[in-house]
Every structure is written in C-alpha cells, then in structure tokens.
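**Student:** Provided below for reference: sequence and predicted model.
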Amino acid sequence: MKNVITIVLIFSFAIGINAVNNSTISFPNILNIAYTPKDAQSECTGLFTDAGSWIGFSIPTTKEWVNGFCGPYIIDNSQWISKSIAEVGVEINGRKINANEFITDSTSYFPGFLYMKSKFKGVSVVQQLYFVDKNHSLLELNSEKARWNVNSSIWLSGSTFRRDKNNLIFNLGKGGILVVSFPTDYKIASDDKSYNAKSTKTSNKTYVLISFYNDEKQMFESASMAQSILKSPTIYIAQNKVRWNGYLTKVLRNDMPKDYNRVAVKSVITLISNWRCSKGDLLHEGVMPSHAHFLGFWAWDSWRHAYALARFAPELAKNQVRAMFDYQTNDGMIVDVIRTDKSKNNLLDSKPPLAAWAVLEIFKQTKDTDFVKEMFPKLIKYNQWWYKNRDHNQNGICEFGSTNGKTQPAKYESGMDNAIRFDSSVVVRNNATAWSFNQESVDLNSFLFLENNILREMASLLNVPYIQVVDGVKLDKYFFDTSKGYYYDRRFNGDFVDIEGCEGFTPMWVKMASKENAKSVVLMYEKPNKFSSYIPFPTVSIDNPKYIYNGYWRGPIWLDQVYLGISGLRNYGYKQQADKYTNQVFDRLYGVKSDAPIYENYDPKTGECLRAPHFSWSAVHLLMLYWEYGK
C-alpha cells in the first residue's frame, strides 16, 4: 500500500509540473534568508517557515558557517532556540569529520524547502529541510556510506530537558515544546542543554524530525503522526512537493515573462511563510503581515490576504476571515488587531471594510455557498455598524473614527496611520462608544459602496432580501472637486481637504467614478510631480510640501495603493497605461525579481526598500498585478 501511495503522489507531482511548465526546483535562490544568530535574542531578518508553524529556520551565512540550518526561531516569542538544532558531521570509512570542519559549497531557498551542500576534503553532505505540517519539520541528510553524527545545544534559559527513547524533548516553558527525533539505529548522549546523536549503521541517507508543540497535550495528540513521518519520510516529502507544486499551478500564468513568474512565486512564499495556525486566543489560522515584525492578525490585511489566498489556498483564506469575525463585537464592529493573547487585541478602532470583497472572491474560487451563508449575517452586521457608529450627521456618508475619542486610533482605523490628510482633523462624539473625524473620507465611502454592491449580490445568491442602497452617483459627485479634477475627503462644512493622496484612487477601483471624472483623474496620475513617479502611485503627490520619501503614509509606495491605482485604470479602459505602470513596478522595485524580500513600502523616486521585509499584503498586490497584467 505504501508503494501505491508513493506512486500516486509522484504522478500527481509530475502532472502539476507539466500543467504550468514550472516546478519548485525551477525557482532556486528565491529569497536570501542567510543569517547566523549569535544568541537567543538575535534579530529575525527572515525565515523559512511553512504550513502554519510557529517556528522557522534560516540558512547560515558563509562567514559564520554552521553545518546545519539555523534555529529554530520561535516566532511568537521572538527567540532563537539554538544556533542550529542539528549540526551535522559524518564518519566515512573510519574517518571522522566533525560538523565544524565543513565549509559551505552551495545553499538555496526553493519554494517549499531549504537546501545546503557542505564539503570537507572530498566529502560532501547535502541537507534539505521541509515542513510536513504545522508541528513537524523534516530534515533529510545525504552523503555516501556515512555514519551520521548530529549534535546541538539549546540557548534558552529556563528550559528543561528529558529523553524518551530516541526523542529529545525540550520544554521551553511558555515558549512551547521542542522535540528532536532520530531513527531507532541512533545512539544518543545528552545533558540538560545539549545532545549528540550517532547512527550505528552506514547509510547514504537519513532523517531527523524536528517538532514544535504549544503544550504537552498537543505533543501527546501528535505522537502517532511523528512516528509515521519518521517511518515513511519519503511519502511526506512527496506530499510537500505536491502541495507546493499545486500552489504554483494555480498561481502562475503561461504567458508571462520568467522574471514576472519569479515575482509571483516569491509572493506566494511570502504569504505562506506568514501563515500561522490557531494558537491561544487566535481561534483560527491565518496569515500575519510579516513574521519578522508583526505578530497578530490585522483586519485590513486579513481581507487582502484572504482575497489572494482564495486562488491557491482557499481553506486558509476562509479561516483568515473567520479569525477576524471570531472577535466581532455585539454591535457588529470588527476590531483592528487580534493576537494570541486577547488582552492585547486592539479594540479602539476598526479598519476599512473589505470583508465582503474577500468573501465574494472566496466564493468565486470555490463555489462554496455554505461559506457565504455562514458569513452573510456577520457581514451585514459589520456593514450596518459603520452607518450606526461612523456617520456623525446621519447623511449616509461615513467617517473614520475611534471607540475612545482619541485621534490616533481614528487614524489607525483609516489604515493610513499618519496620513497628511488627517493632520488637522479632530474627533467628534457620535455616542458613548463611538467618535468620528470631522471629515468624510472618499476611500471609506468608496469601499462601503463596493461592499453594498457585493452584499446585494450575495443576497441574490442566497435568495434573501437586501434593501440597503448606497448612491454611487451621489458619492462620486460629492467627493470630486471639479476645479482640481481629483477626489478629496470633505469636512462637515463642505470644504475639500486639499490633499492629493492615494485615497483618491479608490472611486475608479470600485467603479464608482463617472467616465468624465475618471478622465480627469488619469490626467492627474500622469503628471510626474503628482503620481507618475519612478515607482508610480505614491501615497501622497510628490509635490506636496509635506511629502517625505520614508514618511510611512506621507509619501512612500505602498503596493496595495499602487494596485488600486493601476487596477482602477483597467476598469476604465486604460489598459496600456496600466501595463506600463505594472512594468515599472515589477522592473524597478529593489530586488523584487532577484532574492530580496518583498517589503512593506518603498521609495517612490528610487524603488529602494523601506520598512518591514517579508510583507504579506505587498505580496498580495504583486500577485493581483501579475494576474491582471495585459487584461
């Protein structure tokens, strides 16, 4: 039976490769995550992590070589467990070569696995690391007729150790439980912080299982799985390859340049590397903004993540949405941020409403009507929350705000934490738990217009009534300044907030703009001193006196906003301009076609990377630009 399963898996893998003429091995060195930590508190610059795991690994640098993958690093606790949990030496024909005698030959990060080859005086060792699931990673070691000598030491203070047969169990306290498991032919010596494991048989290949559990209960429940993996490792590696090739098959186009395919693959890797399984008060799995900097699920990010994931990981997309709605308040609000410890959730504001947009895309990709039925009443409640709590003068036009009457949370609610358009805004009280800016925002109301149309579409699908109407023509006229030819926020007194920012991209993206207004906006886009910078569509026009290239939402490129601008052009027939701007993004962003990570934001004038690397929603919008290119 085992042979039959293996044949089926390999056959499936081959079909996937032929379907897209690409495979995981077609994309070597996709990301540079070379980093050798010096101690438990060393920074995290980027990790190989997969399948929702809360741990990750790096490739050692050539200058500080370790003959094993570095880590693991505990993502939730921001600590390295070890410099390398499995440093590999060998004995060949009676010749012992310790791990620290090897030097690097080659390394690579492929989609779905890490690779390293090391050498010493004609002897080479090849190591490959895979994630089987959220708890288990599998290290494959290859050499010629070797007896294996694997060792390591643990850095974390306060950890305890015990051995159960060939399982080394490190209880890391609140950090979880790490288990390193060896085949039965290994003899193991250990103390409370280190171990040495030696195989008693000669082989060309062996395996080490590295497992991480939240607690003893999870470890006990996974015991049979761990045994199965070590018993039949090749089956689980084949499953990994099928899964990853499945991602690529669903994502890649056959008509795109090779470099653009590489950007798309890197985007998938970025999303999957930020996938975290349920833990603590995070009741569903989802994707975090960046494993290097952001711990938690943010609402606005989650909707974007779910939209892209729907195409190649639809169950993860569904759970990303569910995770945020797990903490929907009684009055319908979706909170800004949720974390493994719910006492640290941010309840002071929400985020721009794109939840229905994400759910509809999941339906389009899966045809799962039950999921729409599950989410529809929650989406209705969330939509109504905005009009009940963020429409100060009850004119059907909403504002960003907060639950505590403070200005900064209201800025956070917009998603644009320090945007210039809010520099002079003040909050006004709506009710006991709701305050609004004295400013009606064009992007918020554009999103609400889109969500309203989607909710009506869902109601038709489910054959239920839906009567709310958002007048897009009214909103289009209200937010468009005919004297300037652009969209602006407006004060309660009717004055336009005279800031040309990325919020003005949204009416064209949601198809709310009239053709005449869209034509004027495109003219604004094409001005080099406005939005046609080296990398197009900065968050505020280049000629704004307060523009600053690294000012977070006061100038830099954010790829979600770039996407809104480019996709909006496509919606109104400006395909040539949209493709031109997409080319500029793919060809000019620093390192995006080579091995640099995808960043949170970029300098509009140079394409240089700015803040957090391995950023999920940037990856999402690169994928969406890729999918829409030429269409």
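**Tutor:** Noted; the coordinates are in hand.
**Student:** any idea where the helices of the stretch 251-400 of the chain begin and end?
**Tutor:** All helices of the stretch 251-400 of the chain, identified by DSSP state H, counting those that start in this stretch, fall at 258-273, 299-312, 314-325, 355-366, 369-389.
**Student:** winner for burial among the ones you listed?
**Tutor:** Mean neighbour count (mean count of other CB atoms under 10 Å) peaks for helix 299-312 among those, with a mean of 26. (Glycine included, C-beta is placed from N, CA and C.)
**Student:** That helix - contacts with which helices or strands?
**Tutor:** Helix 299-312 sits against helix 233-251, helix 258-273, strand 286-287, helix 314-325, helix 355-366, helix 616-628, with contacts defined as 3 or more CB pairs under 8 Å, 6 or more residues apart in numbering; DSSP states H and E.
**Student:** With mean pLDDT as new columns, can the ones you listed be given to me in TSV?
**Tutor:** Shown next, in TSV, are the helices and strands packed on helix 299-312 (pLDDT from 0 to 100):
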stretch	mean pLDDT
helix 233-251	98
helix 258-273	98
strand 286-287	98
helix 314-325	98
helix 355-366	98
helix 616-628	98
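**Student:** closest one to Ala432 among the ones you listed?
**Tutor:** Counting by CB to CB, Ala432 lies closest to helix 314-325 out of the helices and strands packed on helix 299-312; the figure is 23.9 Å.
**Student:** Does anything pack onto that closest one? Which helices or strands?
**Tutor:** Looks like helix 314-325 contacts strand 286-287, strand 297-298, helix 299-312, helix 355-366, helix 369-389 (3+ CB pairs under 8 Å, 6+ apart).
**Student:** what comes into contact with it?
**Tutor:** 275, 278, 282-287, 297, 299, 302-303, 305-307, 309-310, 334-335, 338, 355, 358-359, 362, 365-366, 368, 371, 375, 378 (CB atoms under 8 Å, 6 or more residues apart in numbering).
**Student:** can you map out the strands along the stretch 101-250 of the chain?
**Tutor:** For the stretch 101-250 of the chain, the strands defined by DSSP state E, counting those that start in this stretch occupy 103-110, 113-120, 123-131, 136-153, 160-164, 167-171, 177-181, 186-190, 194-199, 203-213.
**Student:** Could you give the separation of the fourth one from the chain centroid?
**Tutor:** If I follow you right, that is strand 136-153. Relative to the centre of its chain, strand 136-153 is centred 31 Å away, using CA atoms, centre = their mean, to the nearest Å.
**Student:** which one of the helices and strands packed on helix 299-312 lies closest to Phe57?
**Tutor:** That would be helix 258-273 among the helices and strands packed on helix 299-312, by CB to CB, at 10.9 Å.
**Student:** contacts for that closest one?
**Tutor:** 22, 27, 30-31, 47-51, 56, 111, 247-248, 251-253, 256, 287, 291, 305, 308-309, 312-313, 586, 592-593, 597-598, 614-616, 618-620, 622-623, 626, 629.
**Student:** What's the PyMOL line that selects buried ones from these?
**Tutor:** Buried subset of these, written as a PyMOL selection, criterion 16 or more other CB atoms under 10 Å:
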select buried, resi 22+27+30+31+47+48+49+50+51+56+111+247+248+251+252+256+287+291+305+308+309+312+313+586+592+593+597+598+614+615+616+618+619+620+622+623+626+629
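**Student:** Reformat the helices and strands packed on helix 299-312 as JSON lines; add distance to Ile169.
**Tutor:** Shown next, in JSON lines, are the helices and strands packed on helix 299-312 (distance: least, CB to CB, whole Å):
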{"stretch": "helix 233-251", "distance to Ile169": "20"}
{"stretch": "helix 258-273", "distance to Ile169": "27"}
{"stretch": "strand 286-287", "distance to Ile169": "29"}
{"stretch": "helix 314-325", "distance to Ile169": "30"}
{"stretch": "helix 355-366", "distance to Ile169": "39"}
{"stretch": "helix 616-628", "distance to Ile169": "33"}
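**Student:** Quick one: closest of those to Ala86.
**Tutor:** Smallest distance to Ala86 across these (CB to CB): 14.5 Å, for helix 233-251.
**Student:** So which of the strands of the stretch 101-250 of the chain is the most surrounded?
**Tutor:** strand 177-181 (a mean of 23).
**Student:** just checking, what packs against that one?
**Tutor:** strand 167-171, strand 203-213, helix 216-221, helix 223-231.
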